[in-house]
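# coordinates for the following, if possible.
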Amino acid sequence: MQSYEEIISSFVEISNDFKRKNQYFDILYDETSSLKIRKTRSDEIIQNSSQMGCVGRTFVGKWREFAFDNLSQIKEIKSMFPRSSEIENKLKINEGWQLDKTILPQIDSQKINIEDKIDKIREIYKFIKNFDDKIVNPIIGYTEILSSRILVNNEGSILRQVIPRTRIFIQPIAKEGNNIDFDYYSAGGEIGYEIFNEIDNKLENIAQNSLDMLKAEHTESGNFIIILDPDMSGLIAHESFGHGLEADQIMRDRSYLKTLLNKKVASDQCNIYDAPNINNELGSYFFDDEGIKSGRNILVEGGILKNFIHNRMTASILDAIPQGNGRRESNAHSLNVRMSNTYFEPGDNSLEEMISDIKDGVMLCRGYFGMEDPLGGGLQVTSKKGYQIKNGEQTKLLKSITLSGSVLDLLQSIDAISKDNLSLKPGMCGKGYEDFVPVTSGGSYVRVKEALISPG
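Okay, the predicted model is just below:
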């Protein structure tokens, strides 16, 4: 196995050769190890895997790529790509930069025996299962990933980031008679085995929340004042709104937002961002898979659509500044415009104030499902649970709720956003049904003057 210094040296040598040809070139080294443990009543699945590979590419009127999984194959790159011409070169060249950053977790998962990790998942399963006879099937999922990426290009960038990402998911399924329901818990970020320190004292609440769902009632259908919790507001920001901002969709004429840049798309209270440079979130990183430094992209400011989400190519064509949204699942997958940490910025109201003004409304909690419709701008998202609001007070617990309508209608109907600290939920996002990358979404509590809801 070559050392970091040897990999950098060989990458710089090949990059300089393309620089002499006056054509852009970058090469990405991707090494990932992962462990997944899933335990249910019927299964216990342990998957331990690792992969390493590289992808080199150049721009000659369009991208040409060469992916390989053996570093000795780097010698073949010179013969794989044609020469460029000045007429073809639409790609903007940026200033090179250098970085070598390793995130060190409080407890390094790589130093914990796999047997201890399996025992920990079994311990959580046993606690949840024994909490109450009505809990019939606890589902426990644990994932840890250590990602090392090196990128060199002929702009002069030499970049390395080593990032641990850890997630846990707990879903206690409860049953009473013919009534089956559940709540769930999800946590994760750029952290290590210390994730379990945050969970141990929450297990009773996690179990009880599922039991409470057995007594929850269905919501009425109709138009109501609603409040979205941070999880649900994040689902709107990412799934319903964010996908329509991906600039590759804009360039394919597949987004209802194409003609709305610098126009009003939301209420004055709305500020929406995508920011891969937030510390320690699952969707965070220091540079993207094109060597662009992670930034903070203002998508909506004061209700005005300010920017789309870009990779190098779309930013070059549309004369925009990329903020680090060119991402790959791995060297074996294509690079696309992808979100990172997408969220509503906190506002000026307290949640108590937002609830106190409502005579008859509903709070939607725990994002569960979201449909993207970047072409038509349709909205359909479902919460796992909710609460009725009557005469300024949060009252009975409700089962899952579906929110439907138009994305822009909803954004323009927002009249208050809470000042709670930013809350982000970890997840994975695919481009269609493949190419999954880690993301987060969230924000604060968001109040909408009127929206159409129905039982989920």
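# what bits of the stretch 1-150 of the chain have low per-residue confidence?
When residues are selected by pLDDT under 70, those of the stretch 1-150 of the chain lie in 1, 84-89.
# mind listing the helices for the stretch 1-150 of the chain?
With DSSP state H, counting those that start in this stretch as the criterion, the stretch 1-150 of the chain has helices at 4-20, 77-80, 114-131.
# as CSV, these with mean neighbour count and distance to Tyr142 would be great.
The C-beta positions use only the backbone N, C-alpha and C, and glycine is treated the same way. Formatted as CSV, those follow (neighbours: other Cβ atoms under 10 Å; distance: least, Cβ to Cβ, whole Å):
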stretch, mean neighbour count, distance to Tyr142
helix 4-20, 16, 29
helix 77-80, 13, 38
helix 114-131, 16, 6
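# what about those, which gets the closest to Thr32?
helix 4-20 (15.3 Å; Cβ to Cβ).
# of all the helices of the stretch 1-150 of the chain, which one is nearest Phe308?
Of these, nearest to Phe308 by Cβ to Cβ is helix 4-20, at 28.8 Å.
# which elements pack onto that closest one?
strand 25-39, helix 77-80, strand 135-153, strand 158-176 (3 or more Cβ pairs under 8 Å, 6 or more residues apart in numbering; DSSP states H and E).
# so what are the sheet partners of the last one and their directions?
Meaning strand 158-176. Strand pairing for strand 158-176, using DSSP bridges, gives strand 98-102 (parallel), strand 135-153 (antiparallel), strand 179-182 (antiparallel), strand 185-189 (antiparallel).
# quick one: distance of stretch 144-163 to the chain centre.
Distance of stretch 144-163 from its chain centroid, counting by Cα atoms, centre = their mean, to the nearest Å, is 20 Å.
# swap in stretch 406-417?
That offset, for stretch 406-417, works out to 22 Å (Cα atoms, centre = their mean).
# count of neighbours near Phe182?
Neighbour count of Phe182, defined by other Cβ atoms under 10 Å: 22.
# wait, doesn't it sit right on Phe169?
No - using Cβ atoms under 8 Å, Phe182 makes no contact with Phe169, being 11.8 Å away.
# give the contact list for the residue nearest to Ile77 when sequence neighbours are not counted.
Nearest residue to Ile77, sequence neighbours excluded (Cβ to Cβ, 6 or more residues apart in numbering): Gly56, at 4.9 Å. Residues counted as contacts of Gly56 (Cβ atoms under 8 Å, 6 or more residues apart in numbering) are Ile14, Phe25, Asp26, Ile27, Leu28, Glu65, Phe66, Ile74, Ile77, Met80.
# pull the number of nearby residues for the fourth one.
It stands for Ile27. Ile27: 26 neighbours (other Cβ under 10 Å).
# from Gly53, how far out is it?
In this view, Ile27 and Gly53 are 11 Å apart by Cβ to Cβ, to the nearest Å.
# likewise Ser109?
As for Ser109, its distance to Gly53 is 23 Å (criterion: Cβ to Cβ).
# who has more neighbours out of those two?
Using other Cβ under 10 Å as the criterion, Ser109 and Gly53 rank with Ser109 on top: 22 against 18.
# wait, that one sits on Ile168?
No - applying Cβ under 8 Å, one finds Ser109 not in contact with Ile168, separated by 11.8 Å.
# shared neighbours of these two, anything?
Contacts common to Ser109 and Ile168, judged by Cβ under 8 Å, 6+ apart, are absent.
# ok, and the closest non-adjacent residue to Ile298?
Closest to Ile298 by Cβ to Cβ, 6+ apart is Lys306, at 4.8 Å.
# may I see the strands paired with strand 158-176 organised as a markdown table, with distance to Asp43 added?
What follows is those, written out as a markdown table (distance: least, Cβ to Cβ, whole Å):
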| stretch | distance to Asp43 |
| --- | --- |
| strand 98-102 | 35 |
| strand 135-153 | 10 |
| strand 179-182 | 17 |
| strand 185-189 | 20 |
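# and those: which comes nearest Leu261?
strand 135-153 (28.7 Å).
# what comes up buried for the closest one?
Along strand 135-153, these residues count as buried under the neighbour rule (16 or more other Cβ atoms under 10 Å): 135, 137-153.
# got the contact list for the spatially closest residue to Glu393 that is not a sequence neighbour?
Leaving aside its sequence neighbours, Glu393 sits nearest to Ile355 (Cβ to Cβ, 6+ apart; 7.1 Å). Neighbouring residues of Ile355 by Cβ under 8 Å, 6+ apart: Ile227, Met363, Ile389, Gly392, Glu393, Gln394.
# same check on Glu217?
Going by Cβ under 8 Å, 6+ apart, Glu217 touches Lys396, Leu397, Leu398, Lys399.
# returning to what we had before: in ChimeraX, how would I select the buried members of the contacts of Ile355?
The ChimeraX selection below is limited to those of these classed as buried (16+ other Cβ under 10 Å):
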select :227,363,389,394
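# adding distance to Arg296, secondary structure and pLDDT, write the contacts of Ile355 out as CSV.
Output for those, formatted as CSV (distance: Cβ to Cβ, whole Å; DSSP: H, G, I helix; E, B strand; the rest coil; pLDDT from 0 to 100):
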residue, distance to Arg296, secondary structure, pLDDT
Ile227, 26, strand, 98
Met363, 29, strand, 98
Ile389, 34, strand, 98
Gly392, 36, coil, 97
Glu393, 37, strand, 97
Gln394, 33, strand, 97
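# I am finished for the moment; much appreciated.
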